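Visitor: Build me a model:
(2 chains)
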Amino acid sequence: MQSGAIDCDIHPSVPSMAALTPFMEPYWREQVAVRGIDGLDLSSYPTHAPDAVRADWRIAGQKPGTHLEGLRRNALDGFGSCLAICNVLYGAPALFNRHFATVLARATNDWLAAEWLDREPRLRGSITVAPQDPAGAVAEIERRAADGRFVQVMLLASGDAPLGQPAFWPIYEAAERCKLPVGVHAGSTYRHASTGNGWPSYHLEDVAVRAQAFQGQLLSLVHEGVFTKFPTLRFIMIEAGFTWLPNFLWRANRTWRGVRAEVPWVDRPPAELIRERVRFTLQPGDAPPDAAGMERVLDQIGSEDMLLFSTDWPHWQFDGDDPFPAGFSPARRRRVMLDNPLATYPSLQQVTA
Amino acid sequence: MARHVIAAAADIPPGGRKIVTVQGREVGVFNLGGEFYALLNRCPHQGGALCLGRQVGLVTSSEPGRYDYSRPGEMLKCPWHGWEFDIRTGQSWCDPDDLRVRRYTVQVEPGEALAKGPFVAETFTVSVEQDYLVVEI
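Guide: Model (predicted):
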């Protein structure tokens, strides 16, 4: 399959802490060894869970997502993608020790550059940062921005505080200055309940409630005034789904019209801000079963610019060779696979031009 | 289009309002600092009695945490869903180009002039000593 797509979400995985220590200062190498620190995978996809890797992509004896040849074969060649953006889900954003968090974020980025980006020219990366240490996060963004292969700053959808709040603004200021969008990836620090009603009992509840976290973050970004304060900054909601948008956008607009005086800096309807400034990856989606249903959803969302192609390799979100649900014509596919990603990530334009 | 005498000017002091019925239509008449404005008492959204809503100021902002408050009492919030309308223009704040409430011209006329007609004063007697509010509907 030769699609020329830009895959906006794939997941190389850190095999173990031993892969990252070469990128740490001696003090931290020793700390990792003395304290036996390892296994800081963000456990959205536990290694042995069925959805951690698609069955036909599993490589015996290999931790999912650790094999470059597997990535080339299944993610790049398999879908004919010309570029793919690597989102590494490892522990830096979740640590309480902000100093080590920043060290780990930096090591994760160094490792991604050396072990993946240097070895495969079709790969791009997201900058892992530790938002617990805003100054360290800013320094890391500035350090990576010179390397055009890093195309966005990545944050988790469920951290310690709503993402619109001013504690995060130094990160946004740096991202905007460096012309990098901010990707918000599904995932959590796993110390706050996954629902607004407290901890659910079952794993399936954690999975099904995920859109709620993104909805909360979108409301926070809009109403705290992030889009007003940073007029060119864009956000990408990664693994958020998107078919819930019509109801959500309508409700956000309805509420704003009635009580907008509480947040006068939101001087446009929230749906208009979100359509202009926020993008969503394709997989995993909650698509209706037929083309007519998708047509209605896209019509109600009111924009065809918002969707970005993604496979979520190696996670098991769909079967077969086609990541698109029903309702995507060739012209619409082209927008999602190429036009929209290029418009979203300025640094990709230089490569494909 | 006829001109209707709807109240004595002194009946609606600055900051005050009065709901009147003219040719079967309810109209809210507002006095903003000595200037009179009249709006149809029907919200263009879903038909709420807009002119019974709370009068508030206009708040705008150029950045988070900043509140620029002006024109106290010149915005009208619909009692049903809280949408704000500019009493002077009838425009909604949320969608000023496409969503506005019907407004009518109000003029202050001396009772002496009104006595000559052609005006309709349906509910009260006009006296030559007072000024009156005249709405064109």
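
Visitor: tell me which parts of the stretch 201-350 of chain A are close to chain B?
Guide: Neighbours of chain B within the stretch 201-350 of chain A, by Cβ under 8 Å from any Cβ of the partner chain: A:224-225, A:228-229, A:254, A:256-261, A:264-265, A:267, A:269. C-beta here means a position set from N, CA and C on the backbone, and glycine is covered the same way.

Visitor: and the helix or strand bottoming out on mean pLDDT in chain B, which residues are buried?
Guide: Here the helix or strand of chain B ranked lowest by mean pLDDT, DSSP states H and E is helix B:111-114, holding a mean of 81. Neighbour-count burial for helix B:111-114, counted by 16 or more other Cβ atoms under 10 Å in any protein chain shown, picks out B:Gly111, B:Leu114.

Visitor: Report the buried residues of stretch A:19-35.
Guide: Those would be A:Ala19, A:Leu20, A:Thr21, A:Phe23, A:Met24, A:Trp28, A:Arg29, A:Gln31, A:Val32, for stretch A:19-35 by 16+ other Cβ under 10 Å.

Visitor: Check which helix or strand the spatially most central residue of chain B maps to.
Guide: Nearest to the geometric centre of chain B sits B:Ala38, at 2.9 Å (Cα atoms, centre = their mean). Using DSSP states H and E, B:Ala38 sits in strand B:35-40.

Visitor: If we go by neighbour counts, what in that strand is buried?
Guide: So for strand B:35-40, counting by 16+ other Cβ under 10 Å, buried means B:Phe36, B:Tyr37, B:Ala38, B:Leu39, B:Leu40.

Visitor: residues in contact with that strand?
Guide: B:6, B:9, B:12, B:25-30, B:50-51, B:76, B:85, B:87-88, B:90, B:101-106, B:108, B:133, B:135 (Cβ atoms under 8 Å, 6 or more residues apart in numbering or on different chains).

Visitor: mind listing what it pairs with, with the direction of each?
Guide: Applying DSSP bridges to the sheet, strand B:35-40 is found paired with strand B:25-32 (antiparallel), strand B:103-104 (antiparallel).

Visitor: and the first one, average pLDDT?
Guide: This points to strand B:25-32. For strand B:25-32, mean pLDDT rounds to 97.

Visitor: close to chain A, is the biggest strand by length in chain B?
Guide: Longest strand in chain B, counting residues (DSSP state E): strand B:68-77. Yes - under the criterion of Cβ under 8 Å from any Cβ, chain A is reached by strand B:68-77 at B:Asp68.

Visitor: Could you point out the helix or strand that follows that strand?
Guide: strand B:84-86.

Visitor: Now do that following strand, average pLDDT.
Guide: Strand B:84-86 comes out at a mean pLDDT of 98.

Visitor: ditto for stretch A:149-163
Guide: 96.

Visitor: cool, stretch B:1-9 as well?
Guide: On average, stretch B:1-9 scores 88.

Visitor: what separates it from the chain centre, distance-wise?
Guide: 13 Å (Cα atoms, centre = their mean, to the nearest Å).

Visitor: List the buried residues in it.
Guide: Those would be B:Arg3, B:His4, B:Val5, B:Ile6, B:Ala7, B:Ala9, for stretch B:1-9 by 16+ other Cβ under 10 Å.

Visitor: quick one: low-confidence parts of the chain?
Guide: All of this refers to chain A. A:1-3, A:350-353 (pLDDT under 70).

Visitor: Correction: the question concerned chain B.
Guide: In chain B, residues with pLDDT under 70: B:116-125.

Visitor: near chain B, which residues of the stretch 51-200 of chain A?
Guide: A:Pro166.

Visitor: C-terminal to the longest strand that chain A contains, what's the next element?
Guide: The longest strand of chain A (DSSP E) is strand A:150-158. Counting by DSSP H and E, the next helix or strand C-terminal to strand A:150-158 is helix A:169-177.

Visitor: now the angle from that following helix to strand A:150-158?
Guide: If you take axes from the mean of the first three to the mean of the last three Cα atoms, to 10 degrees, helix A:169-177 sits at 150 degrees to strand A:150-158.

Visitor: just the residues of chain B that are near chain A, which are they?
Guide: Near chain A, when you scan chain B using Cβ under 8 Å from any Cβ, you find B:56, B:59-68, B:81-84, B:93-94.

Visitor: can you do 6 Å?
Guide: B:Val59, B:Thr60, B:Ser61, B:Glu63, B:Pro64, B:His81, B:Gly82, B:Trp83, B:Cys94 (Cβ under 6 Å from any Cβ of the partner chain).

Visitor: Which one (most neighbours) among these?
Guide: B:Trp83 (25 neighbours; other Cβ atoms under 10 Å in any protein chain shown).

Visitor: Wait, that one touches A:Arg257, no?
Guide: Yes - between B:Trp83 and A:Arg257 there is a contact under Cβ atoms under 6 Å: 5.3 Å.

Visitor: and for those two, which residues touch both?
Guide: B:Cys94 (Cβ atoms under 6 Å, 6 or more residues apart in numbering or on different chains).

Visitor: before we move on, what SS does A:His185 have?
Guide: strand (DSSP: H, G, I helix; E, B strand; the rest coil).

Visitor: What is the neighbour count of it?
Guide: A:His185, neighbours per other Cβ under 10 Å, totals 23.

Visitor: Which strand residues bridge it?
Guide: A:Leu156, A:Ile238.

Visitor: From the chain's centroid, how far away is stretch A:130-137?
Guide: Centre to centre, stretch against its chain (Cα atoms, centre = their mean), the figure for stretch A:130-137 is 18 Å.

Visitor: Need the residues that contact that stretch.
Guide: A:Ala92, A:Pro93, A:Arg98, A:Ala101, A:Thr102, A:Ala105, A:Val129, A:Pro170, A:Ile171.

Visitor: Any quick ChimeraX command for the buried ones out of these?
Guide: The following ChimeraX line selects those of the contacts of stretch A:130-137 that are buried, judged by 16+ other Cβ under 10 Å:
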select /A:92,93,98,101,102,105,129,171
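
Visitor: Next one: A:Gly65 relative to A:Met154, how far apart?
Guide: 16 Å (Cβ to Cβ, to the nearest Å).

Visitor: So which of the two has more stuff around it?
Guide: Taking other Cβ under 10 Å, A:Gly65 and A:Met154 do not tie; A:Gly65 has more neighbours (27 against 24).

Visitor: Angles on the backbone of the more buried one, please.
Guide: Per-residue torsions, A:Gly65: phi 80, psi 10 (degrees, to the nearest 10).

Visitor: Please name the residues that touch the closest residue to it other than its chain neighbours.
Guide: Sequence neighbours aside, A:Ser13 is the residue nearest to A:Gly65 in space, at 3.2 Å (criterion: Cβ to Cβ, 6 or more residues apart in numbering or on different chains). Shown in contact with A:Ser13 (Cβ under 6 Å, 6+ apart): A:Lys63, A:Gly65, A:Thr66.

Visitor: wait, which of the residues you listed is closest to A:Pro341?
Guide: Nearest to A:Pro341, judged by Cβ to Cβ, of the contacts of A:Ser13 is A:Gly65 at 21.1 Å.

Visitor: Perfect, that will be all.
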